[in-house]
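Colleague: Need a 3D model of the following:
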Amino acid sequence: MSARAQVRIAILVTAVAAAWIGSALGCGGTVESVPAPIDGQKDASPDTHVSQGGSGGHGGTGAGGSAGKAGAGGAGGQAGSGGAPIRTVTVRDLWDKYDAPDNLALDGGFELSGALSSIWGSTGYGSLQFGNGAVCRTGLRCAVLGQGEGLYGFYVSPKTGSVTVTLHTSPANGACDTIAAYVLDAYAPNDYPTPVAIQSAELGTDGWCEIRGDAPSMQLKVPVLYIEAGQHSVTLDDVVVQAPGKYPPSPKPMSLSPALLARTRHAATTAMEEFQRSRKPRARPSAPWTARKAPWMK
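Modeller: Below you'll find the predicted structure:
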């Protein structure tokens, strides 16, 4: 090999070595490896390490503050409250045991009364108003009295002693003194009514007032219980009459207002008319039973 060829080979080897060393040293600077940017994360500066942060509950992935350290993840979210209730479902029974089994009042829970057929009657010009469902204390139906309105119902009286009358009311004003009760004789509407002597009136946690009082027995009479609302409307439910009464009979008052006497006498007269209609005898058919049989029964 000639001297000229050897010189060319030496120059070529020197150039290749210099290029390799220059690329490795980066022209004399210090080189740090920079990993590829993470998906969804902005690229960092060339002289800063970037590492993936820890995963937090619904917080996403965070970037570390210092080189080589993982960023802290976001805090997890709180459980939802579920929102406000849309509806309330209650279970009601027509035969709720709301009172003692020895209740002497007929249909004290108003469950067997209605607009067209009612054991209870109204003293007003219109028909008796009823509430339904959650408006009532128990069962499915209750009576609603407007301001100054009254109703009457029948009950069974013992021969002697007294009876205890219990009323459950839900007054519009929240007071337990907005109702009065009297016992009448449907056979003698002009007789003086006897008020039920109130012994206690307490407001329960359910928003219903329990009113207890006593009244004398009504032997050989048609006893009627008359209940009247005062200056506020009231919802009435669970009327109970029990005997013997826990208290002695209350004396008759010396005087009642003429307007109240007129209302109680109207209630007794209306109750007597209803009582007579229910006991009216029906005419017996003249045709014998065999002649009245349907063809398909013969």
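Colleague: All the strands of the protein, residue numbers only.
Modeller: 52-56, 60-63, 121-122, 129-132, 141-145, 150-154, 162-171, 179-185, 194-195, 197-203, 209-216, 223-229, 234-242 (DSSP state E).
Colleague: Was I right to think Gly153 contacts Trp120?
Modeller: Yes: proximity of Gly153 to Trp120 meets the contact threshold set by CB atoms under 8 Å, at 4.4 Å. Yep, even glycine has a C-beta here, placed from its N, CA and C like the rest.
Colleague: shared neighbours, these two?
Modeller: Residues touching both Gly153 and Trp120 (CB atoms under 8 Å, 6 or more residues apart in numbering) are Asp107.
Colleague: I'd like the strands of the chain written out as CSV, with mean pLDDT and distance to Ala105 added.
Modeller: Formatted as CSV, these follow (pLDDT from 0 to 100; distance: least, CB to CB, whole Å):
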stretch, mean pLDDT, distance to Ala105
strand 52-56, 46, 68
strand 60-63, 44, 70
strand 121-122, 86, 14
strand 129-132, 89, 17
strand 141-145, 92, 12
strand 150-154, 93, 6
strand 162-171, 93, 8
strand 179-185, 93, 11
strand 194-195, 92, 16
strand 197-203, 92, 17
strand 209-216, 94, 12
strand 223-229, 95, 7
strand 234-242, 93, 4
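Colleague: Among the ones you listed, which comes closest to Phe275?
Modeller: strand 150-154 (7.4 Å; CB to CB).
Colleague: In that closest one, which residues are buried?
Modeller: For strand 150-154, burial by neighbour count (16 or more other CB atoms under 10 Å) applies to Gly150, Leu151, Tyr152, Gly153, Phe154.
Colleague: tilt between that strand and strand 234-242?
Modeller: Put simply, strand 150-154 runs at 20 degrees to strand 234-242, going by axes from the mean of the first three to the mean of the last three CA atoms, to 10 degrees.
Colleague: Packing partners of strand 150-154?
Modeller: With contacts defined as 3 or more CB pairs under 8 Å, 6 or more residues apart in numbering; DSSP states H and E, strand 150-154 has these neighbours: strand 121-122, strand 223-229, helix 258-278.
Colleague: Among the ones you listed, which comes closest to Thr166?
Modeller: So among the helices and strands packed on strand 150-154, strand 223-229 is nearest, using CB to CB, at 11.2 Å.
Colleague: List the neighbouring strands of the closest one plus their orientation.
Modeller: Paired neighbours of strand 223-229 in the sheet (DSSP bridges): strand 150-154 (antiparallel), strand 179-185 (antiparallel).
Colleague: As a markdown table, the ones you listed with distance to Asp214 would be great.
Modeller: Formatted as a markdown table, the strands paired with strand 223-229 follow (distance: least, CB to CB, whole Å):
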| stretch | distance to Asp214 |
| --- | --- |
| strand 150-154 | 18 |
| strand 179-185 | 10 |
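Colleague: hmm, back to that, include distance to Thr264 when you put the strands of the chain into CSV, please.
Modeller: Putting these into CSV (distance: least, CB to CB, whole Å) gives the following:
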stretch, distance to Thr264
strand 52-56, 78
strand 60-63, 79
strand 121-122, 13
strand 129-132, 20
strand 141-145, 15
strand 150-154, 8
strand 162-171, 15
strand 179-185, 6
strand 194-195, 10
strand 197-203, 16
strand 209-216, 13
strand 223-229, 6
strand 234-242, 17
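Colleague: who touches the nearest residue to Asp185 once chain neighbours are set aside in this structure?
Modeller: Sequence neighbours aside, Lys221 is the residue nearest to Asp185 in space, at 4.3 Å (criterion: CB to CB, 6 or more residues apart in numbering). Shown in contact with Lys221 (CB under 8 Å, 6+ apart): Ser157, Asp185, Ala186, Tyr187, Ala188.
Colleague: Would you mind giving those as TSV with distance to His232 and neighbour count added?
Modeller: Conversion of the contacts of Lys221 to TSV gives the following (distance: CB to CB, whole Å; neighbours: other CB atoms under 10 Å):
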residue	distance to His232	neighbour count
Ser157	30	24
Asp185	29	21
Ala186	28	22
Tyr187	33	16
Ala188	32	13
